[in-house]
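Chemist: pasting a predicted model and its sequence here:
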4 protein chains.
Amino acid sequence: MNAPHPPFQPRDPGYEARVRESFGRQNAMNHIGARLRAVGPGWTVVELPHREELTQQKGFLHGGIIGMIADNACGYAAYSLMPASASPLTVEYKINILAPGRGHTYVAEGVVLRSGRTLSVARAEVYAESASGRVHVASMQQTVLMLADTPDTPE
Amino acid sequence: MNAPHPPFQPRDPGYEARVRESFGRQNAMNHIGARLRAVGPGWTVVELPHREELTQQKGFLHGGIIGMIADNACGYAAYSLMPASASPLTVEYKINILAPGRGHTYVAEGVVLRSGRTLSVARAEVYAESASGRVHVASMQQTVLMLADTPDTPE
Amino acid sequence: MNAPHPPFQPRDPGYEARVRESFGRQNAMNHIGARLRAVGPGWTVVELPHREELTQQKGFLHGGIIGMIADNACGYAAYSLMPASASPLTVEYKINILAPGRGHTYVAEGVVLRSGRTLSVARAEVYAESASGRVHVASMQQTVLMLADTPDTPE
Amino acid sequence: MNAPHPPFQPRDPGYEARVRESFGRQNAMNHIGARLRAVGPGWTVVELPHREELTQQKGFLHGGIIGMIADNACGYAAYSLMPASASPLTVEYKINILAPGRGHTYVAEGVVLRSGRTLSVARAEVYAESASGRVHVASMQQTVLMLADTPDTPE
């Protein structure tokens, strides 16, 4: 994947370790088997291998699971641009399911549209990868709130 | 809970068994421990007991998990009004997170706003229940496509 | 119309005059002929008489016009609960069009779901009123940012 | 502007005249002064010169007007790929306002993400152009329903 435009300058040079550490503390991502494949200033790539236990009634990846990895791809893209003293809070998101989720791996690519003092807006595209290629399965648009001077850890 | 208005007439008198059977085939719901507590014509109640393995980095219920149960509450509310020969497909949804998810149980209540020939629109409210009461944690608005003459089972 | 639940306490007892004055300064509302019919703590009713100049290609009210009055109904519902020193900023909204807009009058009813220190969430329902009754034509969910200590007037 | 990827094949070679004619019948677009600057297979550019009568209470372009031109940019991008016998219906849209709308001209660029038999998904970016350059003011994601064998004219 090419690094997404536009080129953002991270406010915290140690953003990668910070994002990876926070992602690693998400039990829910671990429970479904998702991992952070890559992160840059204002973008992320989250990947999820297919598992039978994540399907809906027709055997495709559950739409809510697609939403989960897109949600994280957006949120951590926004978090990568925050100062080290802040933490992110998902305000809302909207997702369109474009095609059924069937593949051996699902990839959610998040990218920041706007990184503000209080609010950030990000998008994610989710793709299903299989032997026959890569299919675009979902598109998300998300709003993230930056909590200034708030540690990204349990209270 | 009171049955939601408006009162819809189900097109399939056997809708409850059909909805429960389809919900039961969702591996993803089983994987997170969610179950269908109640279903009526045009409405559902989905419940999820808290589990440590479903949390985000601060120890609250992951926003994507909140989205999953709200997604299902909406989709099955719409499905309850479809004829037995049809199956539902989530087109898109939008969710606002109103408060952190902390409770012993989470409850998503779905209700249909419009049930059309091709498209239905539903809403869900998610609540966190704890010893100190019930907190409104999220609101979803969703669009569902009805696939006519399409079985709701694996191809 | 009944006053919507939940009952909010306004932080500014003079909220009604403040909301009406701000609404009155919206040239765009005046240009389409919309007016604020009623406002209470956390809710509003905006009305728009039908005009041929507001239609889309099939002769119905343009979906964007439906969005405009729903947007205002949400935004001013949120603004009614803000302190007098603050001003509102629309962060985002999502709207489902449920039925074609045809009537002699359109009514958008906004109500606050959550009124926070920084962010508020509101909903609006839009109805078309005609000789044959009232039809539900759209549902919106919106996020509003409160700008503290920022006058709601041109810079 | 570069033509957006992906390259779609129009099903109706006469799509441009058809889109322009339909846009021209939208009284609401005429009322606010918007026009279709360009259209290709799966994409559009709608432009709107600034007018004082389209502002909100702070003197910026009203968010609902930003929504109107983005709505049209998405809808006609989807319509450009439909067969001549069909007509489009907006199902829903979600828009994030990224910056205040102030400029001499506003430009909404719509592009199709997915063009299906029944449903299409499109996005639009809105920019404000002024002497000091071009600012990204909004991002929309929209779902459009194709009404097969339905003329795009008043009933």
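Modeler: In hand now; what should we look at? None of these values were measured; they are calculated from a predicted model.
Chemist: CA atoms for contacts and neighbours, from now on please.
Modeler: Fine.
Chemist: any residue of the longest helix seen in chain A touching chain B?
Modeler: Secondary structure of chain A read by DSSP state H shows that its longest helix is helix A:63-79. Yes: contact of helix A:63-79 with chain B (Cα under 8 Å from any Cα of the partner chain) involves A:63, A:64, A:65, A:67, A:68, A:69, A:71.
Chemist: pLDDT at the nearest residue to the fifth one once chain neighbours are set aside, what is it?
Modeler: The reference is to residue A:68. Once flanking residues are discounted, residue A:68 sits nearest to residue B:64: 4.2 Å by Cα to Cα, 6 or more residues apart in numbering or on different chains. Per-residue pLDDT puts residue B:64 at 95.
Chemist: for residue B:64, the count of nearby residues, please.
Modeler: Residue B:64: 26 surrounding residues under other Cα atoms under 10 Å in any protein chain shown.
Chemist: which residues of chain A fall in strands?
Modeler: Here chain A has its strands, by DSSP state E, at A:35-40, A:43-49, A:87-97, A:105-115, A:119-130, A:133-147.
Chemist: and the fifth one, how far out from the chain middle?
Modeler: For strand A:119-130, the gap between its own C-alpha mean and the chain's C-alpha mean amounts to 7 Å (Cα atoms, centre = their mean, to the nearest Å).
Chemist: buried deepest among the strands of chain A, which one?
Modeler: Across the strands of chain A, averaging neighbours per residue (mean count of other Cα atoms under 10 Å in any protein chain shown) puts strand A:105-115 on top, at a mean of 26.
Chemist: export that one as CSV, just CAs?
Modeler: Written as CSV, here are the backbone C-alpha positions of strand A:105-115 (Å, rounded to 0.1, in the frame of the first residue of the first chain):
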residue,chain,number,x,y,z
THR,A,105,-8.1,-12.0,5.2
TYR,A,106,-9.8,-8.7,5.8
VAL,A,107,-7.9,-5.4,5.7
ALA,A,108,-9.1,-2.1,7.0
GLU,A,109,-7.2,1.0,5.8
GLY,A,110,-7.8,4.1,7.9
VAL,A,111,-6.8,7.6,6.9
VAL,A,112,-7.4,11.0,8.5
LEU,A,113,-9.3,13.6,6.6
ARG,A,114,-9.0,16.4,9.2
SER,A,115,-7.1,16.5,12.4
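Chemist: follow-up on the earlier one: possible to save the strands of chain A as a markdown table with distance to chain B and mean pLDDT?
Modeler: Formatted as a markdown table, the strands of chain A follow (distance: least, Cα to the nearest Cα, whole Å; pLDDT from 0 to 100):
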| stretch | distance to chain B | mean pLDDT |
| --- | --- | --- |
| strand A:35-40 | 13 | 98 |
| strand A:43-49 | 14 | 98 |
| strand A:87-97 | 4 | 97 |
| strand A:105-115 | 14 | 97 |
| strand A:119-130 | 13 | 98 |
| strand A:133-147 | 9 | 97 |
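Chemist: Throw these into TSV and include distance to residue C:147, thanks.
Modeler: TSV is the format used below for the strands of chain A (distance: least, Cα to Cα, whole Å):
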stretch	distance to residue C:147
strand A:35-40	31
strand A:43-49	28
strand A:87-97	16
strand A:105-115	17
strand A:119-130	12
strand A:133-147	14
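Chemist: can you give the distance of the longest helix of chain A from its chain's centre?
Modeler: That offset, for helix A:63-79, works out to 3 Å (Cα atoms, centre = their mean).
Chemist: now for the residue nearest to residue A:71 when sequence neighbours are not counted: which residues touch it?
Modeler: Spatial nearest neighbour of residue A:71, excluding adjacent residues (Cα to Cα, 6+ apart): residue B:64 at 6.5 Å. By Cα atoms under 8 Å, 6 or more residues apart in numbering or on different chains, residue B:64 lies in contact with A:64, A:65, A:67, A:68, A:69, A:71.
Chemist: ditto for residue A:96
Modeler: A:138, A:139, A:140, B:91, B:92, B:93, D:121.
Chemist: partners of it in the sheet?
Modeler: As for beta bridges, residue A:96 partners with residue A:139, residue B:92 under DSSP bridges.
Chemist: distance check, it against chain C.
Modeler: 12 Å (Cα to the nearest Cα, to the nearest Å).
Chemist: ok, now residue A:93?
Modeler: Distance from residue A:93 to chain C, by Cα to the nearest Cα: 10 Å.
Chemist: so how far is residue C:60 from residue A:122?
Modeler: Relative to residue C:60, residue A:122 is positioned 34 Å away (Cα to Cα, to the nearest Å).
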